[in-house]
Structures are given as structure tokens and as C-alpha cells.
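1. Sequence and computational prediction follow.
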Amino acid sequence: MNDPAHRPADWPSLHVTGPVNATVALPGSKSLTNRFLVLAALANGTSRLRRPLRSRDTLLMAAALRSLGATVEDFPGDDAESADWVVTPATLTGGTTVDCGLAGTVMRFLPPVAALAAGPVAFDGDSRARQRPMAPVIDALRTLGATIEDDGRGRLPFSVNGTGRMPGGSVTLDASESSQFVSALLLAGARYEQGVTVHHDGKPVPSEPHIRMTVEVLRDAGVVVDDNDPDTWRVEPSEINSLEVQVEPDLSNAGPFLAAAVVTGGTVHVPGWPQHTTQAGDALRDIFDAMGADVTLDRSGLTVTGSGTVNGLDVDLHDAGELAPVVAAVAALADSPSWLRGIAHLRGHETDRLAALATEINALGGSVTETEDGLRIVPQPMRGGLFRTYDDHRMAMAAAVLGLRGPGVVIENVATTDKTLPGFTDRWSRMIGLEVTPAAIDATAQPTMTGGA
Ligand SMILES: O=C(O)C1=C[C@@H](OP(=O)(O)O)[C@@H](O)[C@H](O)C1
Ligand SMILES: C=C(OP(=O)(O)O)C(=O)O
């Protein structure tokens with residue numbers, strides 16, 4: 001991958017000399033879409049998901065559920081970009097292999113579902129997925145009655161050898177590396193004979209809004225969940241009601257677009273921003289406000305207007321780690337230093353994001369130091385150059401933000417953004433007012449473009 005001759009589609013990112021002013025509509029939330037798909041496949045009837053996200057992570061989830069026996073069909077909806085998904089559950093059967101790609105939600109949420117299937121279900125994924133932490137889910141499923149064959153490393157690949165039923169019960173695990181370990185067991189737990197009680201024992205669980213999201217979608221589907229005691233969640237055994245839901249836009253994916261307003265002194269409006277949400281991306285409102293932007297949420301959506309100066313900030317992103325790459329990019333362009341804290345767990349994300357951000361921002365002239373649990377960022381004049389993305393969609397999006405202000409930033413393998421936001425380069429180009437043509441995404445052939453609104 002480091003051999004320039006073999007690098008997939010590098011993209012000279014777009015540099016602007018004036019403010020970015022745009023309205024940017026975003027497709028559905030990855031986290032909500034994949035939770036709804038799982039619950040719909042376990043439900044007591046046919047469900048309909050409106051405006052679901054169709055990206056690599058959610059297409060892998062849909063394909064996996066199909067291979068376990070559920071039907072997931074396209075149905076014309078009211079969103080031109082994305083047909084509805086109609087999901088009809090069926091008795092789950094094994095004898096299949098699940099490709100997790102690099103999706104944490106697939107590799108963590110589906111083994112507890114596979115434990116309910118009759119027959120073996122093999123799990124594997126991208127080479128980096130084989131390094132992402134999984135052991136707490138594997139160990140917990142064994143405690144709850146599942147048989148799992150693995151090589152003892154507590155990582156992909158492994159096989160869940162289901163019998164068509166799961167006893168369930170109580171389990172203690174350490175979810176300090178990922179909230180997804182807890183969400184995974186809760187999502188399937190209602191279908192276990194004794195339900196499930198999950199107790200966390202360890203350093204604080206990251207990404208807590210994602211667990212709240214899990215609890216909320218379960219309750220909306222009629223499942224009784226008790227989360228009154230700290231670090232303990234109890235899901236009662238019950239049916240899961242079929243769903244009729246509209247997926248909110250992905251607020252974390254709004255990050256780079258809103259950041260474009262912040263770093264260029266422009267205005268970006270994201271329609272449909274929910275007034276109430278469990279999405280971690282909602283934290284962008286406070287973050288960009290603290291960085292000096294004007295942030296307004298009203299019925300039409302969220303509007304962020306950059307003031308022309310960008311304040312550095314000291315922020316704990318433990319609850320919203322997936323925002324860190326874009327916030328780091330904005331911080332690198334700020335007028336004063338920043339601390340991003342509480343994000344040691346990002347070392348187990350799509351790549352080691354702390355190392356990757358420090359290495360790549362520094363390669364463009366920045367000054368980023370990795371700390372035990374985050375990043376210290378001291379803004380410096382930036383230069384152009386290749387920004388490696390390590391198969392991480394959010395690294396590519398962070399690079400696009402840097403490229404707005406510094407000409408000559410080339411984003412390696414920009415297609416990695418397909419993980420959660422297909423068509424990223426088209427959407428980005430439209431945002432800054434460029435006509436989108438097929439040639440505009442033929443990265444290697446194009447000079448750096450200068451746009452502006
Ligand atoms: O449950 C989810 O949908 C997610 C939980 C979080 O994972 P971690 O708790 O591993 O950070 C988040 O970063 C990820 O993008 C999506
Ligand atoms: C950490 C992320 O994804 P995953 O669901 O694969 O963990 C992310 O999208 O930032």
C-alpha cells in the first residue's frame with residue numbers, strides 16, 4: 001500500500017481561497033441503520049427502514065443478515081438517494097460466512113445474533129479487522145451459552161456454532177476498549193431465553209451515547225431495558241416489535257462539511273439535524289461553538305458560520321471519539337493550541353488513529369504529539385503533500401478539511417470514505433461549488449483544483 005505505483009485512487013483535495021457557503025444534505029446514520037437492521041432481523045414481523053444509509057458498513061450488515069436467512073429488500077421510498085429497506089425476519093440458519101469488512105458494528109453486533117442461528121457461522125474481515133479488539137464479546141457469548149471456535153487470540157476470524165437457541169443470563173466484561181461490546185449483547189439479548197444482564201468492570205466505557213442509542217432503539221421496539229445502575233444493563237427476554245422508522249442523517253459525517261465553514265469563515269447548513277438525538281455527532285455543536293463558530297439549531301437544521309478565527313480547544317472526546325480526526329484537522333488550522341483527551345481507545349479503531357493523525361498532520365508541517373490518551377496539537381503553517389489514510393474513512397475526511405486551507409494536499413485512497421459516506425468527493429466538490437464530472441474524481445490525473453464560493 002505504501003508503494004506509489006500501487007496506491008489506489010489518490011485524490012488531490014480541493015483548496016479554496018474564500019469562504020465555503022453551502023447546504024449539505026447527508027445520508028442516514030451508520031450507527032442507527034445497523035442497529036435497526038439487526039433488530040428488524042430479530043423482530044416479530046416485517047419492518048421498514050426509511051432513508052437508511054447505504055455504505056460499505058451497512059451493505060455488509062444487510063448481506064450478512066440475508067445470509068443468516070432474513071430478507072432485506074429495496075423498496076422505493078421518499079429519498080431519491082436511498083430506497084427504503086424492508087426487512088422480513090426468518091428462522092436464522094448457519095452454514096454461512098459473514099464478511100465484516102472493517103465494520104466494528106458488523107464484527108461486534110452479529111456474533112450474538114449468530115449464536116441464535118442453527119449451524120456454524122464463520123466470521124472474518126479485512127486484515128485490519130483481524131487486529132480490532134473482540135475478546136470481550138467472544139468470552140461473554142461463551143459465558144451466556146454459545147460455542148465459539150477461535151485460535152485463542154480473541155480476534156477475527158472465528159466461528160459461532162449456534163444451536164438455534166441461547167440460554168443468556170448475566171455476564172461481566174471489560175468494555176473500556178469499545179462501547180460496541182455492550183451494545184452487541186444488548187441488541188440480541190431480548191431473544192435469549194433468560195435475556196441478558198451485562199456488567200462492565202474496567203476503565204470507563206467510551207462512546208457512551210452509542211449505548212444510550214442502543215437502549216433507546218430497543219425500548220422503541222418494545223424491549224424492557226433497565227440501565228438504572230451504573231455500568232449495568234439488563235434486557236428482559238421478550239419479542240422485538242417490528243420497526244417503522246426513519247433514519248436520522250449521520251451527524252458524525254456532517255463533521256467535515258461543518259468544519260469547512262469553521263476553517264474558511266463560511267456558512268454550512270445541514271438540513272434535518274434532529275432536535276433530540278442519541279448520536280455522538282451532536283457534540284459537534286458544542287465543539288465548533290467552542291472553536292469560535294456561530295452555531296444555530298432550528299427546525300430546518302443546523303447552521304454553522306465560521307468567524308474567521310478558529311480557537312484551539314481543550315476537549316474530552318471520550319464520548320464522541322469518532323469525531324476526533326476531523327476535530328484534529330480543525331485544531332491544526334486554529335489560532336492557538338488544542339488538547340484532545342480521553343481517546344486512547346482510538347488506537348483500536350479503523351487504524352491507530354492517534355498515531356495516524358500525528359504522523360500525517362506532521363508530514364504536512366503540523367505539530368501533533370501523541371499523549372497517553374489523546375493528542376496535543378500546536379498549529380503551524382501547513383504545506384502540501386500526500387496524506388495517508390490507512391483505510392480509515394475519517395482520516396480521508398480530516399485530510400479534506402486540511403486541504404481546503406493548504407494547497408497540494410493529496411488524499412491517499414479517498415474511496416475509503418465509502419465505509420460510511422459513498423460519493424464523498426462529489427458531495428465535497430459540490431459543497432465548494434465545483435461541477436462534478438467523472439474526471440473530477442479521477443484523482444491521479446487531476447491537478448489540485450482551486451474553487452471558492
Ligand atoms: O455502536 C456504534 O455504532 C459505534 C460506537 C463507537 O465505537 P467505540 O465505542 O468502539 O468507539 C463509535 O466510535 C463507532 O463509530 C460506532
Ligand atoms: C470507529 C468507527 O467505526 P466502527 O463502527 O467500524 O467502529 C468510526 O466510524 O469512526
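-> Happy to help now that I have it. Ligands and ions are numbered 1, 2, ... in the order given.
2. Show me what from the chain comes close to ligand 2.
-> For the chain, the residues found near ligand 2 under the criterion Cβ under 6 Å from any ligand atom are 103, 104, 105, 322, 349, 350, 394, 420. Bear in mind the C-beta positions are built from the backbone N, C-alpha and C, glycine included.
3. Enumerate every residue touching the third one.
-> Think residue 105. Counting by Cβ atoms under 8 Å, 6 or more residues apart in numbering, residue 105 touches 30, 31, 34, 35, 57, 61, 180.
4. rewinding a little: can you check the residues of the chain next to ligand 2 and name whichever has the most neighbours?
-> residue 394 (32 neighbours; other Cβ atoms under 10 Å).
5. Tell me how far the nearest residue to it once chain neighbours are set aside lies from residue 367.
-> Nearest-residue entry for residue 394: residue 325, 4.1 Å, with adjacent residues in sequence omitted and distances by Cβ to Cβ, 6 or more residues apart in numbering. Separation of residue 325 from residue 367 (Cβ to Cβ, to the nearest Å): 17 Å.
6. do the same with residue 121
-> Residue 121 is 47 Å from residue 367, by Cβ to Cβ.
7. What sits closest to the residue of the stretch 101-250 of the chain found nearest ligand 2 if chain neighbours are left out?
-> Relative to ligand 2, the nearest point of the stretch 101-250 of the chain is residue 104 (2.5 Å; Cβ to the nearest ligand atom). Excluding its sequence neighbours, the residue lying closest to residue 104 (Cβ to Cβ, 6+ apart) is residue 180, at 5.2 Å.
8. hmm, back to that, now, the most widely separated pair of the residues of the chain next to ligand 2?
-> 105 and 394 (14.7 Å; Cβ to Cβ).
9. Most distant residue from the centre of this protein?
-> No residue in the chain sits farther from the centre than residue 163, which is 31.6 Å out by Cα atoms, centre = their mean.
10. Can you verify my assumption that it contacts residue 116?
-> No. Using Cβ atoms under 8 Å, residue 163 is not in contact with residue 116; the gap is 9.1 Å.
11. Count residues in the vicinity of the residue of the stretch 201-350 of the chain found nearest ligand 1, would you?
-> In the stretch 201-350 of the chain, the residue that lies nearest ligand 1 is residue 207 (3.3 Å; Cβ to the nearest ligand atom). For residue 207, the neighbour count with other Cβ under 10 Å is 23.
12. what sits against the residue nearest to it when sequence neighbours are not counted?
-> Leaving aside its sequence neighbours, residue 207 sits nearest to residue 179 (Cβ to Cβ, 6+ apart; 4.0 Å). Applying Cβ under 8 Å, 6+ apart to residue 179 gives the contacts 205, 206, 207, 208, 210, 211.
13. looking at those residues, which has the most residues close by?
-> Greatest neighbour count in the contacts of residue 179, by other Cβ under 10 Å, goes to residue 206: 26 neighbours.
14. re earlier: pull up the gap between the residue nearest to residue 207 and residue 389, please.
-> Going from residue 179 to residue 389 by Cβ to Cβ gives 24 Å.
15. Would you mind giving me the confidence score for the residue nearest to residue 104?
-> Per-residue pLDDT puts residue 180 at 98.
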